[in-house]
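>>> Any chance you can model this:
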Amino acid sequence: MKISILDQSPISTNQTAKEALFESVKLAQVAEALGYERYWIAEHHDLAGLACSAPEVMLSLIGAKTNTIRIGSGAVLLPHYKPYKVAEVYNMLAVLFPGRIDIGIGRAPGGSAEATNALSDNFLQQVWRMPELVKDLLCFLDNDFPSGHEYVKLTAAPLPDKSPMPFLLGTGKKSALLAAENGMAYTFGKFMSDSDGTAIIKQYIDSFQPKRENQRPYVILAVSAICAETTEKAEETALSPLIWGLQKSGGQGANRVPSISEAKQHKLDDKEKVAFDKMKQNLIIGNPAEVTNKLNDLRDKYKADEIMIVTITHSPEDRIQSYRLIANEYLQQEKMH
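This is a model prediction of the structure:
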């Protein structure tokens, strides 16, 4: 079983955006040393607590600072962009970092309505065209438009020896079926969904249409987790992202991830307690054995090939330690089996 990292590049109350981005570089280097399969970085727009608006820029830096770990977007928000330009960017990354580039594709806006309007004139129309956009992108990546297509003579240069590996990211039936129809790997964002993911993933597997010989469905399950040496420490560390998420969802203008002491000062009213408990249910919290057991249970329940972990903490050291503890316990268990 493979484990990977999805980094949202969070900014804490004691950090600048630059510091947060360089912590992401450090996290990718640590992930490589610990044996994680891949490191993805997310795309967000005008969200004050998240630093990365351009994954392709960060991937250039991270690729240069690492050697073997697969790196990619989680996700490129395709309705904002033309498939040709996306293919050019990720083909170029694949030329620079051969055999290491993933391209995760999503349809979410990644920010406010104002940010969406500033990025694209017809976002909703482009969302409806998502199946067409995905097909065009795959043809550009494979350099195999059918005869007669308007782009058949067009190349998304430079062409790498090994194309970026495409994934479709989603939380619902539409994304699962689109991935299956196009023979793509599928990443289900459990950390941001209340949907019945088991049914959605089953639909993906059952509907999968291979485009190449020996191709099969591939499922990544993306979950949120915080691990510490003790359950008590993990529970305390988790207060920061939980209160931050509560403030964001409540429109309280939370700019950055609060410290544990700042989070403890936030007094929950009855309505907030309900929301807090709901968010906490979607976050795996515990010591290494507890977290690993929960990851194994989810892997079996969702029939996932790979677990991708999102961890947000106030302290970069706590975040790295969480990933380190999970890797040491999880990969050690795998060796024993």
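
>>> And for the helix or strand containing residue 277, what's in contact with it?
Using DSSP states H and E, residue 277 falls within helix 270-281. Contacts with helix 270-281, where a contact means C-beta atoms under 8 Å, 6 or more residues apart in numbering, come from 238, 242, 243, 245, 246, 249, 250, 268. From N, CA and C alone the C-beta is placed, and that goes for glycine too.

>>> at 6 Å what do you get?
242, 245, 246, 268 (C-beta atoms under 6 Å, 6 or more residues apart in numbering).

>>> out of the residues you listed, what pair is the most spread apart?
Farthest apart among the contacts of helix 270-281 by C-beta to C-beta are 245 and 268. That separation is 12.7 Å.

>>> which of these two has more neighbours?
Taking other C-beta atoms under 10 Å, residue 245 and residue 268 do not tie; residue 245 has more neighbours (21 against 13).

>>> Quick check: which element contains the more buried one?
Counting by DSSP H and E, residue 245 is found in helix 231-249.

>>> Point out the other helices and strands that that helix packs with.
In terms of contacts (3 or more C-beta pairs under 6 Å, 6 or more residues apart in numbering; DSSP states H and E), helix 231-249 is packed against strand 219-227, helix 260-264, helix 270-281, strand 283-286.

>>> Of all these, which one is nearest residue 63?
Distance to residue 63, taken as C-beta to C-beta, is lowest for strand 219-227 among the helices and strands packed on helix 231-249, at 20.3 Å.

>>> That closest one to helix 270-281, inter-axis angle?
120 degrees (axes from the mean of the first three to the mean of the last three C-alpha atoms, to 10 degrees).

>>> now strand 219-227 against helix 231-249, angle please.
Going by the same axes, to 10 degrees, strand 219-227 makes 110 degrees with helix 231-249.

>>> if we can go back for a sec, quick check: buried residues in the helix holding residue 277?
If you call a residue buried by 16 or more other C-beta atoms under 10 Å, then helix 270-281 has these buried ones: 272, 275, 276, 279.

>>> Could you tell me how far the first one is located from residue 259?
The reference is to residue 272. 19 Å (C-beta to C-beta, to the nearest Å).

>>> Ok, the second one next?
Look at residue 275 and residue 259: by C-beta to C-beta, they are 21 Å apart.

>>> Ok, the last one next?
If you measure residue 279 against residue 259 using C-beta to C-beta, the figure is 18 Å.

>>> before we move on, the earlier item: can I get the helix holding residue 277 in PDB, CA atoms only?
Provided in PDB are the C-alpha atoms of helix 270-281 (Å, rounded to 0.1, in the frame of the first residue of the first chain):
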ATOM      1  CA  ASP A 270     -24.000  25.700  20.600                       C
ATOM      2  CA  LYS A 271     -24.200  26.000  16.800                       C
ATOM      3  CA  GLU A 272     -20.400  26.000  16.500                       C
ATOM      4  CA  LYS A 273     -20.100  22.900  18.700                       C
ATOM      5  CA  VAL A 274     -22.300  21.000  16.200                       C
ATOM      6  CA  ALA A 275     -20.100  22.200  13.200                       C
ATOM      7  CA  PHE A 276     -16.900  21.500  15.200                       C
ATOM      8  CA  ASP A 277     -17.900  17.900  16.000                       C
ATOM      9  CA  LYS A 278     -18.900  17.300  12.400                       C
ATOM     10  CA  MET A 279     -15.500  18.600  11.100                       C
ATOM     11  CA  LYS A 280     -13.700  16.500  13.700                       C
ATOM     12  CA  GLN A 281     -15.400  13.300  12.500                       C
END
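
>>> Distance from it to the middle of the chain?
Relative to its chain's centre, helix 270-281 lies at 24 Å (C-alpha atoms, centre = their mean, to the nearest Å).

>>> Understood, closing this out.
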